[in-house]
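Q: predicted model and sequence below, questions to follow.
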Amino acid sequence: MAKNKSRSFQFPHVFALLFILIIIVSFLVYIIPSGEFDTKTMEDGREVVVEGTYHAVHSNPPNFFDIFNSVHKGMEKGAGIIFFIFIVGGTFGMAEETIPMILIFVPLALRMGFDSIVGTAMVIVGSYAGFTAAFMNPFTVGVAQEIAELPLFSGMTFRLITFSVYVTVTVVYVMLYAKKVRKKPEISLMHELDSTRQNEDFEKSNFVFSGRQSVIILLLGITIIGIAVGVIWYDWYITEIAGLFLLLGVIAGFVGKLKISEIANSFTPGCSDLVVGALVVGFADGMLVILEDSNTIDTVLCFASIVVSQVP
């Protein structure tokens, strides 16, 4: 008797999804009318369209092989952002690297009368609140504004307000839970497990920063401040920020008493963690290549501007 096996839906890999979208866009450009705006160059070097100058132009839809060529062209188009992600990723800590801090905060929370959830939340919830509302994150704000051709880290005031709100709400949320669980420990999901832990178990996991590690953290802080100063007063952009992080990685390696080859080897794992995220930029730019080469991107922009002009 044959058994019916239920097959759960699996979301496609991001590369497969983007390539499917490239194919869909390639078919749509045969339907979308070709046209373009006149453009002008602004004082800051950005090229912008001139309102009211949209006009029809010769259609140039892609052939079968152009669909596959668009991926490589997209990688070339997004090369600046892609290599920026690789370089910064090879020198700058990611969210996953906050996890070892749990070894410090969980014992601290337990000894203060809280539970292990409080210790974990101080690390995980805090770091993700900061990531979500980041005002100078090179991977979110920096990459997005580079793609949108906006001044780097512009809109700082709004993002600082948003960051303050997110972090404040997060701190209050964790503190309210901590107060509740300290007053009534048995309500914690971790109460039974936490009560079986002995102080000796945590002594083995205590982590103490060495002098060299403290210097490296100080260097990271100086780098973040340097980015703010460079962007605001010296018109730094993606290239300068990538160079500063690369300098940080080299200096931090020497402070950590690593040899030159060890510094280079430690750079590779950081890059590998971001391979998918970096190459996604190229695949996404592949769709833009199809729209630009077929002279339909301005038609899409024209239609979008008409729709947006009808709302506040």
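A: Yep, that arrived. Residues are numbered from 1 along each chain as shown.
Q: does Lys40 belong to a helix, a strand or coil?
A: Per DSSP: H, G, I helix; E, B strand; the rest coil, the local secondary structure of Lys40 is strand.
Q: again with Pro107
A: Relying on three-state DSSP, one would call Pro107 helix.
Q: just the pLDDT for it.
A: Note on Pro107: pLDDT of 85.
Q: same question, Gly93
A: According to the model's per-residue confidence, Gly93 sits at a pLDDT of 55.
Q: next one: Pro151
A: Confidence at Pro151, expressed as pLDDT, is 81.
Q: Gly253 too?
A: Confidence per residue is given as pLDDT, and for Gly253 that number is 89.
Q: measure it to Thr223 for me?
A: Note on Gly253: its distance to Thr223, by C-beta to C-beta, to the nearest Å, is 14 Å. Where you see a C-beta, it was placed from the backbone N, CA and C, and this is true even at glycine.
Q: could you point out which element follows the helix or strand bottoming out on mean pLDDT in the chain?
A: Ranking every helix and strand in the chain by mean pLDDT, DSSP states H and E puts helix 199-203 at the bottom, with a mean of 52. Downstream of helix 199-203, the next assigned helix or strand under DSSP states H and E is helix 211-234.
Q: name the helices or strands packed onto that following helix?
A: Packing contacts for helix 211-234, counted by 3 or more C-beta pairs under 8 Å, 6 or more residues apart in numbering; DSSP states H and E, involve helix 238-255.
Q: pull out the buried positions in the helix it packs on.
A: Burial within helix 238-255, assessed by neighbour count using 16 or more other C-beta atoms under 10 Å, is assigned to 238, 240-242, 244-245, 248-253, 255.
Q: same thing with stretch 117-135?
A: Per 16+ other C-beta under 10 Å, stretch 117-135 contains these buried residues: 117-127, 129-130, 133-135.
Q: in helices, which of these fall?
A: Judged by DSSP state H, helices contain the following of the buried residues of stretch 117-135: 117-127, 129-130.
Q: circling back: just the buried residues of helix 238-255 now: which is nearest Leu103?
A: Of all those, Leu103 sits closest to Ala252, with 21.6 Å by C-beta to C-beta.
Q: so how many other residues sit close to Pro151?
A: 12 (other C-beta atoms under 10 Å).
Q: actually Leu21, not the one I typed
A: Counted with other C-beta under 10 Å, Leu21 comes out at 15.
Q: assign the residue lying closest to Asp38 once chain neighbours are set aside to helix, strand or coil.
A: Closest residue in space to Asp38, ignoring its immediate chain neighbours: Thr53 at 3.9 Å, by C-beta to C-beta, 6 or more residues apart in numbering. Under three-state DSSP, the three-state class of Thr53 is coil.
Q: next one: phi and psi at Thr53?
A: The phi and psi torsions at Thr53 (degrees, to the nearest 10) take the values phi -110, psi 10.
Q: please report how far it lies from Met42.
A: Distance from Thr53 to Met42, by C-beta to C-beta: 16 Å.
Q: quick one: the helices in the stretch 51-200 of the chain?
A: 64-77, 79-91, 102-111, 116-132, 143-147, 156-183, 191-196, 199-203 (DSSP state H, counting those that start in this stretch).
Q: ok, Glu40 - contacts?
A: Rather than Glu, residue 40 is Lys. Contact partners of Lys40, counting by C-beta atoms under 8 Å, 6 or more residues apart in numbering, are Glu47, Val48, Val50.
Q: let me see the mean pLDDT of the strand or helix carrying the second one.
A: Same thing as Val48. Assigned by DSSP H and E, Val48 belongs to strand 47-49. Per-residue pLDDT values across strand 47-49 average out to 81.
Q: other residues contacting it?
A: Phe37, Asp38, Thr39, Lys40, Thr41, Met42, Asp298, Leu301.
Q: so which of the residues you listed wins on neighbours?
A: Top of those by neighbour count (other C-beta under 10 Å): Asp298, with 21 neighbours.
Q: got a list of what that one touches?
A: Contacts of Asp298 were listed using C-beta under 8 Å, 6+ apart, and they are Gly35, Glu36, Phe37, Val49, Tyr54.
Q: tell me the least confident of those?
A: Within the set of the contacts of Asp298, pLDDT is lowest for Val49 (82).
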